[in-house]
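Trainee: Next come a sequence and a model predicted from it.
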Amino acid sequence: MANIKSAKKRIHVIQVKTNRNKRVKAHLKDVFKGFDLAIANGDKDEAQICLAKAEKKLMQAAAKGTIHKNAASRKVSRMTVRFNTVFEAAN
């Protein structure tokens with residue numbers, strides 16, 4: 001256990017940031033699962049809504065530093081490609 005006041009504060013700040021990062025990552029996983037489910041069911045409208053929501057959540061997570069900006073962009077890109085291959089091939 002830390003004895004110095006600033007070290008105690010750092011421990012508290014790290015706990016707060018860790019909890020926020022876990023919460024954000026859990027939200028991201030929920031959004032990804034919703035997108036995957038919509039793709040699996042072939043529901044284009046729901047998948048499009050989930051894709052937009054996922055992009056927003058990923059960019060917010062990147063802005064807060066929870067995930068890297070390039071990782072967020074890569075995930076959005078891959079989801080968009082999946083969406084397009086599933087629903088553009090159906091037409």
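Mentor: Perfect, thanks for sending it. Just so you know, these numbers come straight off a predicted model, no measurement behind them. Residues are numbered from 1 along each chain as shown.

Trainee: Helix, strand, or coil at A2?
Mentor: Three-state assignment for A2 (DSSP: H, G, I helix; E, B strand; the rest coil): coil.

Trainee: Next, count neighbours for it.
Mentor: A count of nearby residues for A2, using other Cβ atoms under 10 Å, gives 11. All C-beta atoms are positioned from the backbone trio N, CA, C, and that covers glycine.

Trainee: in which helix or strand would I find the nearest residue to it once chain neighbours are set aside?
Mentor: Distance criterion Cβ to Cβ, 6 or more residues apart in numbering; nearest residue to A2, sequence neighbours excluded, is K8 at 4.9 Å. Using DSSP states H and E, K8 maps to helix 5-41.

Trainee: helices and strands around that helix, which ones?
Mentor: With contacts taken as 3 or more Cβ pairs under 8 Å, 6 or more residues apart in numbering; DSSP states H and E, helix 5-41 sits against helix 44-64, helix 69-88.

Trainee: contacting residues around K9?
Mentor: Contacts here follow Cβ atoms under 8 Å, 6 or more residues apart in numbering; on that basis K9 touches nothing.

Trainee: Low-confidence regions, the protein specifically.
Mentor: By pLDDT under 70, the low-scoring segments of the chain are 90-91.

Trainee: Burial-wise, tell me which of the helices and strands packed on helix 5-41 comes out on top.
Mentor: A comparison of those by mean neighbour count, using mean count of other Cβ atoms under 10 Å, puts helix 44-64 on top with a mean of 16.

Trainee: And the contacts of that helix?
Mentor: So helix 44-64 is in contact with 20, 24-25, 27-28, 31-32, 34-35, 38-39, 67-69, 71-73, 75-76, 79-80, 83, 86-87, going by Cβ under 8 Å, 6+ apart.

Trainee: please redo it, this time with the cut-off set to 6 Å
Mentor: 24, 28, 31, 34-35, 38-39, 67, 69, 72, 75-76, 79, 83, 87 (Cβ atoms under 6 Å, 6 or more residues apart in numbering).

Trainee: Please give the centre-to-centre distance between stretch 10-19 and its chain.
Mentor: Here the centre of stretch 10-19 is set off from its chain's centre by 20 Å, with Cα atoms, centre = their mean, to the nearest Å.
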